[in-house]
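Trainee: Requesting a structural model of the entry that follows:
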Amino acid sequence: MSNASEEMRDKGNRDNFPGFNYPLEVSPMRPHHREEMLKALWASHKQLRGYIGWAKYMRSWSNNDFYKFIDDHINATLPDQHFVFKLGKEIVGVGSLVGAYTELDAQVALWVRTGYQGKGLGQRIVQTLEYVAFNVWGFHTLFYEHDSKNESSKKLPQKCGFKFSHTLEKEIEANQESGFWFSWKKERPKGLPDAIFQGRPIDDFIIP
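Mentor: The predicted structure is shown next:
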């Protein structure tokens, strides 16, 4: 077993997440997550509509629309990768790595289920995605970007050690967006990523 996979399994969150009676578990989004993902999406639809463009019309989605959305994430191809974070049987957050400015960059995207914000889950999700991006796949730079009005996102990148990179303007897609965005970045420490050289399934590295 590689050093990266051993370390990730050691990070298997065996201890209960602070404030809960369960450890925080992470795994790639898979078909068996469909039903719980539907519940998590619907429980958070008001929050998601505010700052995520694809969520703007969620109230009018049918179950088939939800399942198509989930299946698109399950079947995503690299560099896009999507992960679910669970406490017990409930999905409490979703984190994604998506393509960024060059093939050597990745960008963090995440949301925390309504009712679970402000409990440290966002920071843990970012830290997990950072580990996968740098130690597993070897991306050189990891970006975190958010609309300037998204108060819940303003402090998180700084807590996770990201440095301010630049500002950018984007087309307004969600209900509460301003269109003026902040971009933060973090560089990969020196060292060789294991998975790229071994060609092993990502599950070997990120499932505790």
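
Trainee: Select the helix or strand of this structure having the lowest average pLDDT value.
Mentor: Scoring the helices and strands of the chain by mean pLDDT, DSSP states H and E places helix 3-10 at the bottom, with a mean of 47.

Trainee: moving C-terminal of that one, what's the next helix or strand?
Mentor: Counting by DSSP states H and E, the element after helix 3-10 in chain order, helix or strand, is strand 24-28.

Trainee: which helices and strands sit right next to the helix or strand that that following strand is followed by?
Mentor: Past strand 24-28, further along toward the C-terminus, the next helix or strand under DSSP H and E is helix 34-43. Helix 34-43 makes packing contacts with helix 63-74, strand 81-87, strand 90-99 when contacts are defined by 3 or more CB pairs under 8 Å, 6 or more residues apart in numbering; DSSP states H and E. All C-beta atoms are positioned from the backbone trio N, CA, C, and that covers glycine.

Trainee: so where is the chain shaky, pLDDT-wise?
Mentor: Per-residue confidence for the chain (pLDDT under 70) gives these ranges: 1-13, 191-208.

Trainee: could I get the helices and strands packed on helix 34-43 as TSV with distance to P18 and mean neighbour count?
Mentor: Formatted as TSV, the helices and strands packed on helix 34-43 follow (distance: least, CB to CB, whole Å; neighbours: other CB atoms under 10 Å):
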stretch	distance to P18	mean neighbour count
helix 63-74	28	15
strand 81-87	11	21
strand 90-99	13	21
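
Trainee: Work out which residue lies at the spatial centre of the protein.
Mentor: In the chain, the C-alpha closest to the average C-alpha coordinate belongs to G95, at a distance of 1.5 Å (CA atoms, centre = their mean).

Trainee: Who does it form a beta bridge with?
Mentor: Going by DSSP bridges, G95 is paired in beta bridges with F83, L110.

Trainee: Make 21 the starting number, not 1.
Mentor: Shifting the count to begin at 21 puts that one at G115.

Trainee: P209 contacts Y151, doesn't it?
Mentor: No. The criterion here is CB atoms under 8 Å, and P209 misses it with Y151 at 11.2 Å.

Trainee: which of the two has more neighbours?
Mentor: Y151 (17 against 7; other CB atoms under 10 Å).

Trainee: name the helices or strands packed onto the helix or strand hosting the more buried one?
Mentor: Per DSSP H and E, Y151 falls inside helix 141-151. The elements that helix 141-151 packs onto, with contact taken as 3+ CB pairs under 8 Å, 6+ apart, are strand 44-48, strand 101-107, strand 110-119, strand 125-132, strand 161-167, helix 176-179.
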